[in-house]
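Undergrad: 3D model of this:
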Amino acid sequence: MNTLVTGAAFGAALTVSGVYQPSVIVSQLKFENWHMIQAFLTAAASSAALVHLLQTLSPTTFPLPPRSYSSISLFSRYDGNLLGGILLGTGMMLSGACPGTVLAQIGTGVRSGFYALEGGIIGGIVFTGFAEAAAKASGNGEESKELTKTVYENLGVSRSSVLVAFEAICASVVVSTALWTSVGPEAKISPVVGGLCIAGAQLLSLLLRKNLVGTSTSFEEVGDWFWGIFKGKTLPQRYNNLLFVSGCVLGAKLLTVAYPALGQVTEVAVSPVAAGLGGFLMIIGSRMAGGCTSGHGISGISLLSTSSFLTIGAAFGAGALLGLMRG
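TA: So this is what the prediction gives:
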């Protein structure tokens, strides 16, 4: 029940913040509207502060390990994070969605979201059936996961100093863009308030589940179930992530039923083919990288994980490049 409730809170937070709308995602990657960055950085910075506070007060209650790097043994320990991030960002630009916001799109009835979800499900099936096995065969063994590093460990400084610097950077970007740019009609509330709502859902997840939010693993679970049925094997027992994302859809739906204005979507041209392809790429990319814009972007960054900063940096860079190319 805690998982479902937490998922509902996260889905509702994505909806009330407005970042679920395809127009917000696409316009941000084209640097036409800074709504998404303001909400995202507020959520990430607030989550980082909350995680640090809770771990300081009760480290044994919240033993949250930093996100491990993801390697596919091509050119770097972090090559899976970088290449996965590129695929994730490309998929976001094509579909106007990410693995988390697509769930809110389903709950609010955004048409392109259904195509993106279908593409994402296919991506999860392909990843678990083929790409995951290839990644394991490349030598990315479990023993290598022990080398997980954070930004402050890599820099050889204290965690607090990196946290303060991160909070200052986020605050400066949010304040400057709020002062010198405007947001679109999608912003029913301030993006900053929306970001705080997302951080509130993160806090609820920590208190109820002792875990951070993340959505893309659910697509991998779908793939596991598909291949279990297809091959006639014992079905996997993993379903917690599916329960979480079901809650996301439910939370978005209930919120827009209660407040219909939050479900009013600003139209943006996303074709079924682009949405489906984008959904496929963003799930392949997020699973290759070991997380998505929520698992790495909100949660992994809150732990100051090097892999998370690289993944999200690659995602935004690739999405922005495609956005500029498409005009």
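Undergrad: Show me the shaky parts of the protein.
TA: 131-148 (pLDDT under 70).
Undergrad: Helices of the stretch 1-150 of the chain, start to end?
TA: In the stretch 1-150 of the chain, the helices defined using DSSP state H, counting those that start in this stretch lie at 2-17, 22-29, 35-57, 79-95, 101-108, 111-126, 132-137.
Undergrad: Would you map the helices across the stretch 151-300 of the chain?
TA: 151-155, 159-180, 191-209, 217-230, 240-258, 272-289.
Undergrad: Quick one, which of those gets closest to Gly113.
TA: Nearest to Gly113 among the helices of the stretch 151-300 of the chain is helix 272-289 (7.5 Å), distances taken as Cβ to Cβ. Backbone N, C-alpha and C define where each C-beta goes, glycine included.
Undergrad: Tell me what angle that closest one forms with helix 111-126.
TA: Computed by axes from the mean of the first three to the mean of the last three Cα atoms, to 10 degrees, the angle separating helix 272-289 from helix 111-126 equals 40 degrees.
Undergrad: can you pull the buried residues of helix 272-289?
TA: The neighbour-count check on helix 272-289 (16 or more other Cβ atoms under 10 Å) flags 274-289 as buried.
Undergrad: now stretch 176-188
TA: Within stretch 176-188, the residues scored as buried using 16+ other Cβ under 10 Å are Thr177, Val183, Glu186, Ala187, Lys188.
Undergrad: contacting residues around Leu208?
TA: Asn2, Val5, Thr6 (Cβ atoms under 8 Å, 6 or more residues apart in numbering).
Undergrad: could these be laid out in JSON lines, adding distance to Thr60 and neighbour count?
TA: Output for those, formatted as JSON lines (distance: Cβ to Cβ, whole Å; neighbours: other Cβ atoms under 10 Å):
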{"residue": "Asn2", "distance to Thr60": "20", "neighbour count": "16"}
{"residue": "Val5", "distance to Thr60": "24", "neighbour count": "17"}
{"residue": "Thr6", "distance to Thr60": "21", "neighbour count": "25"}
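Undergrad: Now do Ser70 against Arg159, distance only.
TA: 22 Å (Cβ to Cβ, to the nearest Å).
Undergrad: now Pro272, nearest residue through space, not along the chain?
TA: Using Cβ to Cβ, 6 or more residues apart in numbering and skipping residues adjacent in sequence, the residue nearest Pro272 is Tyr115, 4.6 Å away.
Undergrad: correct me, but Ser218 touches Gly247?
TA: No. Counting by Cβ atoms under 8 Å, Ser218 stays clear of Gly247, with 10.7 Å between them.
Undergrad: And those two? Which one has more around it.
TA: When neighbours are counted by other Cβ atoms under 10 Å, Ser218 and Gly247 differ, and Ser218 comes out ahead with 26 against 23.
Undergrad: which ones are touching the spatially closest residue to that one that is not a sequence neighbour?
TA: The shortest distance from Ser218 to any non-neighbouring residue, by Cβ to Cβ, 6+ apart, is to Asn241 (3.9 Å). With contact taken as Cβ under 8 Å, 6+ apart, Asn241 is in contact with Gly214, Thr215, Thr217, Ser218, Glu220, Glu221.
Undergrad: What's the separation between Asn241 and Gly119?
TA: Distance of Asn241 to Gly119, given as Cβ to Cβ: 18 Å.
Undergrad: closest to Asn154 among the buried residues of helix 272-289?
TA: Distances from Asn154 to the buried residues of helix 272-289, taken as Cβ to Cβ, are shortest for Ala289 (18.0 Å).
Undergrad: Now do the contacts for that closest one.
TA: Neighbouring residues of Ala289 by Cβ under 8 Å, 6+ apart: Ser70, Gly80, Asn81, Leu83, Gly84, Gly85, Leu88, His296, Ser307, Thr311.
Undergrad: could the residues you listed be laid out in CSV, adding distance to Pro260?
TA: Converted to CSV, the contacts of Ala289 look like this (distance: Cβ to Cβ, whole Å):
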residue, distance to Pro260
Ser70, 41
Gly80, 42
Asn81, 40
Leu83, 41
Gly84, 37
Gly85, 36
Leu88, 31
His296, 33
Ser307, 40
Thr311, 35
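Undergrad: that older thread, okay, among the contacts of Asn241, which ones form the most distant pair?
TA: Between all members of those, the farthest pair (by Cβ to Cβ) comes out as Gly214 and Glu221, at 11.9 Å.
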